[in-house]
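Undergrad: 3D, please:
(2 chains)
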Amino acid sequence: MTAAVLQNVLASVGGLPSIEFSSVAPSIILALGGVLLLTVVSVTKDKLPVWFPAVWTISAAVAALCTVFRLWIRVGKWGNLSLISGAVGLDRFSLFVIGTLCVSVVMGALLLEGYLRREDLEGPEWYVLLLLAAAGGTTMAAANDLIVLFIGLEILSIAVYILSAMHRRRMSSLESGLKYFIHGAFASAFLLYGIAMVYGATGSTNLARISTFLADNVITQNGLMLGGIALMLVGFAFKVAAVPFHQWAPDVYQGAPTPVSAFMAAAVKTAAFAGMIRVFVLALGPTYRDEWRPMVLALAVLSLLVGSVMALVQTNVKRMLAYSSIGHAGFILVAVHSSTAMGTSAALFYLLSYTFMVMGSFGVVAVVGRKGDGHHQLSDYRGLGRIRPGLALAFTIFLLAQAGVPLTAGFLSKFYVIRSAIDSGDTALGVVAMLAAVIAAFLYLRVIVAMYFEGEPGDEVAPVKVPAAVSVAIGIALAGTLLLGIVPDPVTHAANEATAELVAPRR
Amino acid sequence: MSNPLSDLLRSYLAVGLFASLGFILVGLLLFLSWLVRPSRPQAQKYISYESGVDPVGDMWSQSQVRYYIFALLFVMFDVEAVFIFPWATRVELYGVFGLVEMLVFIGILLLGLVYAWRKGVLRWA
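TA: Presented below is the predicted three-dimensional model:
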């Protein structure tokens, strides 16, 4: 290839990309925070205090959150941006998702702090991987190009594969890491193959260009495009654990170290749904919605029903929460299915409130798991209401919120989702969602009954230690769950403003 | 010329011709050498490396698990080279921007090496 050809290629994409580093600051802060933490800790070896990595991680996440607020105002004033030759799109949708991811990093780091000390595990690597995973998630949330989306997904997934296998002394942790890796690799292959097919059909991987191409042209031989859409949907469905691509989730959530399960349920789901909304609702929404909506409908209904029914028969609380997270994925899929701006903001509100609820729930599970992270049977929760009333109360609130009780975040998030479904004319889907919520309520009540009403008052109950960092995390989650339920207006307002838009790259 | 399919097939004709020519040539050479060479089989001649080291054991042998770290580090820097070579052929074109980007890339990899070094994986003990 001669220089002239290269020059032509560069000219055709509008020259070398100019990068506004301030606009991708959240991703850079998270990624650089991870890499620098690794270096600093490895160079100074054991001279730093034990709490250093956790504090570093939280500071990085809070710093990233601050830039999110700054960019939020800037985007409001100057409009949505297309950066790095259209590879990254900065709108309030992506900023909302990035903010949610930062929140889950803060809580994840706090949960890890207590967990690592209890399990005598060392290493800043956990925190490094947490930050890198979040950096991948933010890349996904702002992706305006299928390739960037895929890279973000891989950064996120690879870090989480390792995290779930990091508890090296527990066989189940290694097993869960391997299972997650194999399933995730399949999902990535599906997604990538779908991307290749869509590229073949439309001639671009840029979401804005795909969207305009599909608006301007009618593809007469649709097979390649439809195959691509289906394969991409399968890839995303694996990542968000939607039925029938959910089989990995219970095993992985059960086996992974509990703080990692929390992060997986909150952050991985958030990032994957962000990518799904960008691709399906934004790029393919105007032209191909009639093709992909029935598929998403099937995924949503199956996830709702299978998630809540299967959760009922579990006796392991972590597994139960895994199935319930499948049910929650079903709810968010209902919002995606509506394919409207209202559905998108409902999904965003759901993702933020689910982050608080699930982080709090798994936080309680992490401390009740006791040393060894092995006490997760329903019987291990007997009498928790007596020996740890505060912890049991917090868990009760998280579970009621997940069930969708009013005055908690869970009620409004379910309400917005069902409203978006009914608003777009899918009353039947709304009814199925409500039915699933009722079924799921029973399983949350089972845990509450075990905590308060089972076991004799004289029974020996193994003591449960709650480290300070974990109680801070549970406190944050509790505050988030209740505030979103009682004064939802600021967040609802933000979620409504967080409309996603595809900004065409400047030429 | 009117039928596009036959056009396509015609362009593959050259490939087919060359392939069959290759088979015929190699077959002919092997046949000729078989015809003229003397045949005196000896056990020595059937060893993998006729004048080299004697092979020991079979191919399912175990190797040190410690090598995997070196394999990982090798892959890391191998991939780095894959990116650097094409960049190096066109440095002027990418200018200062490209230089800074590449330095960032190398810098991140170097931090990885620092981590590996401080973890003691480079010491063979």
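Undergrad: give me every residue that touches the closest residue in space to residue A:45 that isn't next to it in sequence.
TA: Spatial nearest neighbour of residue A:45, excluding adjacent residues (Cβ to Cβ, 6 or more residues apart in numbering or on different chains): residue B:118 at 6.8 Å. All C-beta atoms are positioned from the backbone trio N, CA, C, and that covers glycine. Contacts here follow Cβ atoms under 8 Å, 6 or more residues apart in numbering or on different chains; on that basis residue B:118 touches A:42-43, A:45.
Undergrad: Could you do residue A:396 as well?
TA: Shown in contact with residue A:396 (Cβ under 8 Å, 6+ apart): A:448, A:451.
Undergrad: what's the pLDDT at it?
TA: Looking at residue A:396, its pLDDT is 95.
Undergrad: elements contacting the helix or strand containing residue A:361?
TA: Under the criterion of DSSP states H and E, residue A:361 resides in helix A:341-368. Counting contacts by 3 or more Cβ pairs under 8 Å, 6 or more residues apart in numbering or on different chains; DSSP states H and E, helix A:341-368 packs against helix A:92-118, helix A:258-263, helix A:269-276, helix A:317-338, helix A:389-403, helix A:409-423, helix A:468-486, helix A:489-497.
Undergrad: so how many other residues sit close to residue A:218?
TA: Residues lying near residue A:218 (other Cβ atoms under 10 Å in any protein chain shown) number 8.
Undergrad: Which helix runs longest in chain B?
TA: helix B:4-36 (DSSP state H).
Undergrad: repeat for chain A
TA: Longest helix in chain A, counting by DSSP H: helix A:171-202.
Undergrad: what's it packed up against?
TA: helix A:146-164, helix A:207-216, helix A:223-240, helix A:248-255.
Undergrad: Could you dump those into CSV with distance to chain B added?
TA: Shown next, in CSV, are the helices and strands packed on helix A:171-202 (distance: least, Cβ to the nearest Cβ, whole Å):
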stretch, distance to chain B
helix A:146-164, 13
helix A:207-216, 24
helix A:223-240, 20
helix A:248-255, 24
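Undergrad: could you dump the ones you listed to JSON lines with mean neighbour count?
TA: Converted to JSON lines, the helices and strands packed on helix A:171-202 look like this (neighbours: other Cβ atoms under 10 Å in any protein chain shown):
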{"stretch": "helix A:146-164", "mean neighbour count": "23"}
{"stretch": "helix A:207-216", "mean neighbour count": "18"}
{"stretch": "helix A:223-240", "mean neighbour count": "22"}
{"stretch": "helix A:248-255", "mean neighbour count": "24"}
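Undergrad: related to what we said a few turns ago, let me see the mean pLDDT of the next helix or strand after the helix holding residue A:361.
TA: Scanning forward in sequence from helix A:341-368 by DSSP H and E, the next helix or strand is helix A:384-387. Average pLDDT, helix A:384-387: 86.
Undergrad: where does chain B dip in pLDDT?
TA: Residues of chain B meeting the criterion pLDDT under 70: B:1-5, B:125.
Undergrad: Report the closest residue of it relative to chain A.
TA: Proximity of chain B to chain A (Cβ to the nearest Cβ) peaks at residue B:118, 3.9 Å away.
Undergrad: on that earlier part again, quick one: closest of the helices and strands packed on helix A:341-368 to residue A:143.
TA: Set against residue A:143 and scored by Cβ to Cβ, the helices and strands packed on helix A:341-368 come closest in helix A:269-276, at 6.6 Å.
Undergrad: now that closest one against helix A:223-240, angle please.
TA: Orientation check (axes from the mean of the first three to the mean of the last three Cα atoms, to 10 degrees): helix A:269-276 against helix A:223-240 gives 170 degrees.
Undergrad: before we move on, back to that, would you mind giving the helices and strands packed on helix A:171-202 as TSV with mean pLDDT and distance to residue B:111 added?
TA: Conversion of the helices and strands packed on helix A:171-202 to TSV gives the following (pLDDT from 0 to 100; distance: least, Cβ to Cβ, whole Å):
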stretch	mean pLDDT	distance to residue B:111
helix A:146-164	95	16
helix A:207-216	92	32
helix A:223-240	94	29
helix A:248-255	94	30
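Undergrad: Format those as JSON lines; extra columns: distance to residue A:130.
TA: As requested, the helices and strands packed on helix A:171-202 are arranged in JSON lines below (distance: least, Cβ to Cβ, whole Å):
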{"stretch": "helix A:146-164", "distance to residue A:130": "7"}
{"stretch": "helix A:207-216", "distance to residue A:130": "28"}
{"stretch": "helix A:223-240", "distance to residue A:130": "18"}
{"stretch": "helix A:248-255", "distance to residue A:130": "17"}
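Undergrad: Number of residues surrounding residue 70?
TA: No chain was given, so I picked chain A. By the measure other Cβ under 10 Å, the count of residues near residue A:70 is 14.
Undergrad: right idea, wrong chain: chain B
TA: Residue B:70 has 13 nearby residues by other Cβ under 10 Å.
Undergrad: Provide the contact partners of the host helix or strand of it at residue level.
TA: Using DSSP H and E, residue B:70 sits within helix B:67-89. Outside helix B:67-89, the residues within contact range by Cβ under 8 Å, 6+ apart are B:94, B:98, B:102, B:105-106, B:109, B:112-113, B:116, B:121.
Undergrad: Quickly list the domain ranges of chain B.
TA: Split into domains by automatic domain parsing, chain B comes to B:4-39, B:67-118.
Undergrad: Which among the ones you listed is found nearest to residue A:374?
TA: domain B:67-118 (29.9 Å).
Undergrad: which one of the helices and strands packed on helix A:171-202 lies closest to residue A:332?
TA: Judged by Cβ to Cβ, the one of the helices and strands packed on helix A:171-202 that comes nearest to residue A:332 is helix A:223-240, at 7.5 Å.
Undergrad: now that closest one against helix A:171-202, angle please.
TA: Counting by the same axes, to 10 degrees, helix A:223-240 lies at 160 degrees to helix A:171-202.
Undergrad: Restricting to C-alpha, output helix A:223-240 in CSV.
TA: The C-alpha trace of helix A:223-240 is given here as CSV (Å, rounded to 0.1, in the frame of the first residue of the first chain):
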residue,chain,number,x,y,z
GLY,A,223,-31.4,-12.3,4.6
LEU,A,224,-28.0,-10.9,5.5
MET,A,225,-29.4,-8.1,7.5
LEU,A,226,-32.0,-10.2,9.3
GLY,A,227,-29.4,-12.8,10.2
GLY,A,228,-27.1,-10.1,11.5
ILE,A,229,-29.9,-8.7,13.7
ALA,A,230,-30.8,-12.1,15.1
LEU,A,231,-27.2,-13.0,15.9
MET,A,232,-26.5,-9.6,17.6
LEU,A,233,-29.7,-10.1,19.6
VAL,A,234,-28.5,-13.5,20.7
GLY,A,235,-25.1,-12.0,21.7
PHE,A,236,-26.8,-9.3,23.8
ALA,A,237,-29.3,-11.8,25.3
PHE,A,238,-26.4,-13.9,26.5
LYS,A,239,-24.8,-10.9,28.2
VAL,A,240,-28.0,-9.7,29.9
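Undergrad: Would you confirm that residue A:462 contacts residue A:374?
TA: No: Residue A:462 is not in contact with residue A:374 according to Cβ atoms under 8 Å; the separation is 11.4 Å.
Undergrad: Torsion angles phi and psi at residue B:58?
TA: Backbone geometry at residue B:58, expressed as degrees, to the nearest 10, gives phi -100, psi -180.
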